[in-house]
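Asks: Provided below for reference: sequence and predicted model.
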Amino acid sequence: AKAQGGNAVCHYAAEMVAASVNRLELQADLRGAAGRDEFKLMYQPKLDLATGRMTGVEALVRWQHPRLGLLPPASFISLAEASGDIVEIGRWVLHAACHQLAAWRAAGQPALPIAINLSALQFADRNLANEIDGTLQRHGLPGNLLELEITESLVMKDPLHAAELLAAMRRIGLRISMDDFGTGYSSLAQLKRFPLDSVKIDRSFVQDIPHDANDTAIIKAIIAMGHALKLKIIAEGVENAEQLAFLQHHGCDEIQGFYFSKPMPVEQLYGFTRTHKDK
Ligand code: C2E
Ligand code: CA
Ligand code: CA
Ligand code: CA
């Protein structure tokens, strides 16, 4: 038994070493990856529950690693946040989204707003509003085609700075959305201090509706209070018809999730927009 235990520990230690070497390797590979254009945006539609129309898309980043293939954010965003590379990646995402918006405009496609996710390090940058403004101008875009998804922890870290930065972003015309709502420690009442357009109910609350009594109560409360604060409510992670029916019945404004569509490359989104409109 002792030998077995020793082996198990040994095996575990070896795995840990391998994992940390991987982490170090990945961290090294991440340096300059944005400059080498190794990222790719996938787009997931948001759907208006009243009209059935697509209201916009969320841009979700992927890393095309030269050896490991296409990596999801879970495998590199926290690394990038720790190393500071997230700032460069965030800039790449901003440029790529604006480039896409400009390409749609040039092709005479109907305006489809793109939402991008902001990380804490980007948000801490005092120059962020100027940078976004400059990027929009260089692409000849109005601010209302870009939406920023922020999180509770991001604004609660420095609420005064957050309120100022968000106000500056609103002056540019950007829409602002509170992502993963309900997972942090802030309340809806605290949210009224920030100039928001919408709130996204975190997937963890959507998962077990309509069966879980706690989750259904929480979602109903978020919708009611959110509407009282004049916020648009979006449910994320909608995977089936039952969830959709519950959300529709309780007045949720928009949904996003695999039930309607997975995040997809831009080429597929084109076809998707067309077929959806033709229906
Ligand atoms: P998020 O902002 O909450 O994005 C939603 C995530 O849920 C996406 O995962 C999406 O693919 C997934 N999802 C959407 N619908 C469903 C569904 O019906 N079921 C399930 N199970 N999942 C669904 P993804 O693309 O892996 O992104 C994970 C997280 O990585 C994002 O969570 C966001 O926090 C972060 N992220 C993604 N792109 C960026 C970026 O450009 N910058 C930063 N800073 N973070 C990003
Ligand atoms: Ca998001
Ligand atoms: Ca989210
Ligand atoms: Ca999330």
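Replies: Thanks, I have it. Ligands and ions are numbered 1, 2, ... in the order given.

Asks: longest single strand anywhere in the chain?
Replies: Counting residues, the longest strand found in the chain (DSSP state E) is strand 54-65.

Asks: Please see if that strand touches ligand 1.
Replies: Yes. Remark: strand 54-65 sits within contact range of ligand 1 at 60-61, by C-beta under 6 Å from any ligand atom. The C-beta positions use only the backbone N, C-alpha and C, and glycine is treated the same way.

Asks: Beyond that strand, next helix or strand please.
Replies: strand 69-71 (DSSP states H and E).

Asks: Tell me which other helices or strands the longest strand of the chain touches.
Replies: strand 39-48, strand 69-71, helix 86-106, strand 114-117, helix 266-278 (3 or more C-beta pairs under 8 Å, 6 or more residues apart in numbering; DSSP states H and E).

Asks: Show me which positions of the first one end up buried.
Replies: Under the neighbour-count criterion of 16 or more other C-beta atoms under 10 Å, strand 39-48 has 39, 41-47 buried.

Asks: mind listing the strands in the stretch 151-279 of the chain by residue range?
Replies: Secondary structure of the stretch 151-279 of the chain by DSSP state E, counting those that start in this stretch: the strands cover 175-181, 198-201, 232-235, 254-255.

Asks: Contact partners for Ser119?
Replies: By C-beta atoms under 8 Å, 6 or more residues apart in numbering, Ser119 lies in contact with 77, 80-81, 86, 90, 154.

Asks: change it to 10 Å
Replies: 77-78, 80-81, 86-87, 89-90, 93, 150-151, 154 (C-beta atoms under 10 Å, 6 or more residues apart in numbering).

Asks: Tell me where the stretch 51-200 of the chain is predicted with low confidence.
Replies: For the stretch 51-200 of the chain, not a single residue meets the criterion pLDDT under 70.

Asks: Near ligand 3, which residues of it? Just list them.
Replies: Proximity of the stretch 51-200 of the chain to ligand 3 (C-beta under 5 Å from the ion) is limited to residues 179-180.

Asks: For the most centrally placed residue in the chain, which non-adjacent residue is spatially closest?
Replies: Nearest residue to the geometric centre of the chain (C-alpha atoms, centre = their mean): Asn117, 4.2 Å. Closest residue to Asn117 apart from its sequence neighbours, by C-beta to C-beta, 6 or more residues apart in numbering: Glu149 at 4.8 Å.

Asks: Name the SS class of that neighbour, please.
Replies: strand (DSSP: H, G, I helix; E, B strand; the rest coil).

Asks: show me what contacts it?
Replies: 58-59, 115-118, 175-180, 198, 200, 234.

Asks: how many neighbours does the residue of the stretch 151-279 of the chain found nearest ligand 2 have?
Replies: In the stretch 151-279 of the chain, no residue comes nearer to ligand 2 than Asp179, which is 4.3 Å away by C-beta to the ion. For Asp179, the neighbour count with other C-beta atoms under 10 Å is 23.

Asks: Grab the nearest non-local neighbour of it.
Replies: Glu149 (4.3 Å).

Asks: Verify the stated contact: Gly237 with Asp215.
Replies: No. Assessed by C-beta atoms under 10 Å, Gly237 is found out of contact with Asp215, at 11.8 Å.

Asks: Now for these two: what residues contact both?
Replies: With C-beta under 10 Å, 6+ apart, Gly237 and Asp215 have common neighbours 201, 204-207.

Asks: Filter the residues you listed down to the buried ones and hand me the ChimeraX line.
Replies: Buried subset of the shared contacts of Gly237 and Asp215, written as a ChimeraX selection, criterion 16+ other C-beta under 10 Å:
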select :201,205,206
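
Asks: could you dump the shared contacts of Gly237 and Asp215 to JSON lines with pLDDT and distance to Pro73?
Replies: Putting the shared contacts of Gly237 and Asp215 into JSON lines (pLDDT from 0 to 100; distance: C-beta to C-beta, whole Å) gives the following:
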{"residue": "Ile201", "pLDDT": "96", "distance to Pro73": "20"}
{"residue": "Ser204", "pLDDT": "96", "distance to Pro73": "17"}
{"residue": "Phe205", "pLDDT": "97", "distance to Pro73": "21"}
{"residue": "Val206", "pLDDT": "98", "distance to Pro73": "19"}
{"residue": "Gln207", "pLDDT": "97", "distance to Pro73": "19"}
